[in-house]
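Trainee: return atomic coordinates for the entry below.
(2 chains)
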Protein chains: 2
Amino acid sequence: MQLRPIGLIETPFGSKADCPRNGRQIQPPPVCTVVVEAAFRDGLAGLEGFSHLILLYWMHDAKPMDLVFTPPFDAEPRGIFATRAPWRPNPIALSVVRFDGFDGPGRLRVANLDCVSGTPLLDIKPYLVTTDCEAEASMGWLSPHATRAPV
Amino acid sequence: MQLRPIGLIETPFGSKADCPRNGRQIQPPPVCTVVVEAAFRDGLAGLEGFSHLILLYWMHDAKPMDLVFTPPFDAEPRGIFATRAPWRPNPIALSVVRFDGFDGPGRLRVANLDCVSGTPLLDIKPYLVTTDCEAEASMGWLSPHATRAPV
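Mentor: Down below sits the predicted model:
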């Protein structure tokens, strides 16, 4: 199970200390760019018309796996699978981003990212409201810590 | 960028031919089980209270990468990144599943899966309505092909 980068992500965040807790914490969200390598650009055909995408990317700079830890904004230890922290067994991150069109060949303008500039891109998927949207979902221990600014 | 399986997924689907197009096509969805290896079970602490999870899993049986193809239910060639088909550069699949609690140590009861039984599990993330739900998202070329049954 070997991965290969298909491109990289450009954000305004030069270091981990600059990154927001999630891609919707800063409002309005800054413009980010997804740069897809030339060898994979044919796979972008038909992406126009989707308003949102799911990006998978590799947390190349994450600290080693830590299965249980106490989040800085919480008092209790939590299991890694009950969080979105990067020090997972497989450090793959996921963000639902707004897609604002192409900015050149293989260059996608997106919003709502939280990662360091230069992060390796693994996959782009169309966001499907029919299978990916659960508006009534409950958030367990994270409920009191919701960060989304009012739209 | 090397992955390791953290468990596997048990579904009623014994072969690719048995699998639905997505995990919400069969209503009511059959019960599936996520089995997390003992070495990673401490990471499940705090998962209770989340109604939905995001699962990442490895499409171990996918055919080789194909960047452009014509979906069976469509007339035009589409880029792989505008689809959820498994023959991607990195064959990682993603499903938003309903979480129905634990069924033993490291055994999670879930609904809305589409994969072959025995599929290697890569990650479990909590589904966060604050960052993962985009109820107004538009679906591009897939709009006329929506499969979600009326709830």
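Trainee: what bridges to residue A:7?
Mentor: Note on residue A:7: beta-bridge partners residue A:36, residue A:121, judged by DSSP bridges.
Trainee: residue contacts, it?
Mentor: A:34, A:35, A:36, A:37, A:40, A:106, A:120, A:121 (Cβ atoms under 8 Å, 6 or more residues apart in numbering or on different chains). Heads up, the C-betas are built off the backbone N, CA and C, glycines and all.
Trainee: can you show me the strands along chain A?
Mentor: A:7-10, A:32-36, A:52-58, A:68-69, A:78-79, A:92-102, A:107-111, A:119-126 (DSSP state E).
Trainee: what's the closest of the ones you listed to residue B:138?
Mentor: For these, proximity to residue B:138 was assessed by Cβ to Cβ; strand A:52-58 is nearest, at 8.0 Å.
Trainee: now do the buried residues in that closest one.
Mentor: For strand A:52-58, burial by neighbour count (16 or more other Cβ atoms under 10 Å in any protein chain shown) applies to A:52, A:53, A:54, A:55, A:56, A:57, A:58.
Trainee: with adjacent residues omitted, what lies nearest to the third one?
Mentor: Translated: residue A:54. Distances taken as Cβ to Cβ, 6 or more residues apart in numbering or on different chains place residue A:125 nearest to residue A:54, at 4.3 Å, with adjacent residues excluded.
Trainee: quick check, residue A:93 in contact with residue A:83.
Mentor: No: using Cβ atoms under 8 Å, residue A:93 is not in contact with residue A:83; the gap is 11.9 Å.
Trainee: where does chain A have low pLDDT?
Mentor: Applying pLDDT under 70 to chain A picks out residues A:147-151.
Trainee: so what's residue A:79 bridging to?
Mentor: residue A:68.
Trainee: so what's residue A:60 up against?
Mentor: By Cβ under 8 Å, 6+ apart, residue A:60 lies in contact with A:91, A:119, A:120.
Trainee: mind doing that once more with 10 Å?
Mentor: A:5, A:86, A:91, A:115, A:116, A:118, A:119, A:120, B:1 (Cβ atoms under 10 Å, 6 or more residues apart in numbering or on different chains).
Trainee: most neighbours, which of the residues you listed?
Mentor: In terms of neighbour count, residue A:115 stands highest of the contacts of residue A:60 at 25 neighbours, by other Cβ atoms under 10 Å in any protein chain shown.
Trainee: thinking again about what came up before, looking at the contacts of residue A:7, which two lie furthest apart in space?
Mentor: Using Cβ to Cβ, the two most remote members of the contacts of residue A:7 are A:106 and A:120, lying 14.9 Å apart.
Trainee: okay, which residue is most central for chain A?
Mentor: Central residue of chain A (Cα atoms, centre = their mean): residue A:95, 2.7 Å from the mean position.
Trainee: which strand residues bridge that one?
Mentor: Taking DSSP bridges as the rule, residue A:95 bridges to residue A:55.
Trainee: now do residue A:52 against residue B:28, distance only.
Mentor: From residue A:52 over to residue B:28 the distance is 27 Å, taken as Cβ to Cβ, to the nearest Å.
Trainee: and what of residue A:86?
Mentor: In terms of Cβ to Cβ, residue A:86 sits 35 Å off from residue B:28.
Trainee: quick one, what contacts residue A:42?
Mentor: A:36, A:106, B:67, B:68, B:77, B:79, B:80, B:81.
Trainee: which of those ranks first by neighbour count?
Mentor: residue B:81 leads the contacts of residue A:42 on contacts (other Cβ under 10 Å) with 27 neighbours.
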